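**Student:** build the 3D model from these lines:
(2 chains)
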Amino acid sequence: MAVAQEGAVRAPRVVSPINPANAVTASRFLCLPPFVWAMHNGYHQWATLFILICGLLDKVDGLVAKIFDCRSVFGELFDAITDGICYGFCLLLVAYYGWAPVIPVVTILALGIANTVMRFVYGKRAGRAINYKSYANERLVGYTGFLIGFATSGMEVTFFYWAYVPLMVITIAHDAKRMLVDPVPPAEAAA
Amino acid sequence: MTTELVSNDVFRAFLSVLTGGVAGIWGVVDMIRLARLRNADGRDPVVHDKRFGYVIGAFVGVIGVLGTLRFNGVM
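**Tutor:** A predicted model of the protein is given here:
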């Protein structure tokens, strides 16, 4: 009986990819069409509002995952991919419409793509679904959401975009070593 | 639908409070977290990553506050 109970405790909990947290994450894509509409029509405040909603949903999905106890590696990866697509697309758009300087935007996107590739390599090295948790990158993702808001609102755009670039270069260099060179932690430690 | 949600002054005030507030709190929280880790084992990769992340967070906070001050003509 004791052995059976122990086995039950150790059994990994299977979380369906269709859960409330991932639904909130997916709903962030709904912010993109109205964002494009606002940008195209030159509605700065509306564009800022939609990117603010997108950023808030990014915070809410983690909260929902906690409340409904549906955290999973897939959810973390889906969240990271959604961040990349939503913020990458919005950054491209603000640069295209001339609301943000092109050189920092191109640099940020190039480093973001490099980071995504390194995450895939890290997953391959680990041989399992794994999300590299970077405390620094989490902060930069938050900053990225604000960057788009700075562009749509016209708030110190040049200052904030150029200040972001060195922070991202340092973070990507740091994470590259951790993902590509350092040993991958075992499954229990990574969970 | 109107082209603007609020007046320009209200919008500027909202941006200042949001950016300055979030950045200020963020910077202070990460500095406190960093201080709490000062006796932790730096050879542990997780501790190392946390320290690095909190330093970046503190910088992000400082940049946010400086940007807000510039936006309001203080700097």
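
**Student:** helix or strand right after the host helix or strand of B:V17?
**Tutor:** Assigned by DSSP states H and E, B:V17 belongs to helix B:8-36. As assigned by DSSP H and E, the chain's next helix or strand after helix B:8-36 is helix B:45-71.

**Student:** before we move on, the earlier item: output the contacting helices and strands for the helix holding B:V17.
**Tutor:** Packing contacts for helix B:8-36, counted by 3 or more CB pairs under 8 Å, 6 or more residues apart in numbering or on different chains; DSSP states H and E, involve helix A:135-153, helix B:45-71. C-beta: built from backbone N, CA, C; applies to glycine.

**Student:** okay, now the closest residue to chain B within chain A: neighbour count?
**Tutor:** Per CB to the nearest CB, A:Y135 is where chain A lies closest to chain B, at 2.3 Å. Neighbourhood size, A:Y135 [other CB atoms under 10 Å in any protein chain shown]: 20.

**Student:** next up, the contacts around it.
**Tutor:** Contact analysis of A:Y135 by CB atoms under 8 Å, 6 or more residues apart in numbering or on different chains lists B:49-50, B:52-54, B:56-57.

**Student:** same check, this time on A:S153
**Tutor:** A:44-45, A:48, B:11, B:15.

**Student:** what does stretch A:16-27 contact?
**Tutor:** Contact with stretch A:16-27 is made by A:57-58, A:60-62, A:64-65, A:68, A:70-72, A:74-75, A:78-79, A:82, as judged by CB under 8 Å, 6+ apart.

**Student:** change it to 6 Å
**Tutor:** Residues outside stretch A:16-27 that contact it (CB atoms under 6 Å, 6 or more residues apart in numbering or on different chains): A:57, A:60-61, A:64-65, A:68, A:70, A:74-75, A:78-79, A:82.

**Student:** average pLDDT for that stretch, rounded please.
**Tutor:** Mean pLDDT, stretch A:16-27: 89.

**Student:** measure how far that stretch is from the centre of its chain, please.
**Tutor:** Here stretch A:16-27 is found 15 Å from its chain centre; the criterion is CA atoms, centre = their mean, to the nearest Å.

**Student:** ok, now stretch B:65-74?
**Tutor:** For stretch B:65-74, the distance to the chain centre is 13 Å (CA atoms, centre = their mean).

**Student:** contacts only, for the residue in chain B positioned nearest to chain A.
**Tutor:** Nearest to chain A, among the residues of chain B, is B:G53, at 2.3 Å (CB to the nearest CB). B:G53 is in contact with A:135-136, counting by CB under 6 Å, 6+ apart.

**Student:** the one 3 residues further on now?
**Tutor:** Counting by CB under 6 Å, 6+ apart, B:I56 makes contact with A:136, A:139, A:171.

**Student:** what are the ranges of the helices in chain A?
**Tutor:** A:2-10, A:20-27, A:32-41, A:44-67, A:73-96, A:102-126, A:135-153, A:157-180, A:187-190 (DSSP state H).

**Student:** what about the first one, average pLDDT?
**Tutor:** Same thing as helix A:2-10. Rounded mean pLDDT across helix A:2-10 is 49.

**Student:** just give the number of residues close to A:Y87.
**Tutor:** By the criterion of other CB under 10 Å, A:Y87 has 23 neighbours.

**Student:** my guess is A:G55 meets A:F146, correct?
**Tutor:** No - shown here, A:G55 and A:F146 do not form a contact pair, counting by CB atoms under 6 Å, at 7.7 Å.

**Student:** how near is B:F11 to B:F71?
**Tutor:** B:F11 sits 12 Å away from B:F71, going by CB to CB, to the nearest Å.

**Student:** what's the answer for A:G154, then?
**Tutor:** Distance, A:G154 to B:F71, using CB to CB: 9 Å.
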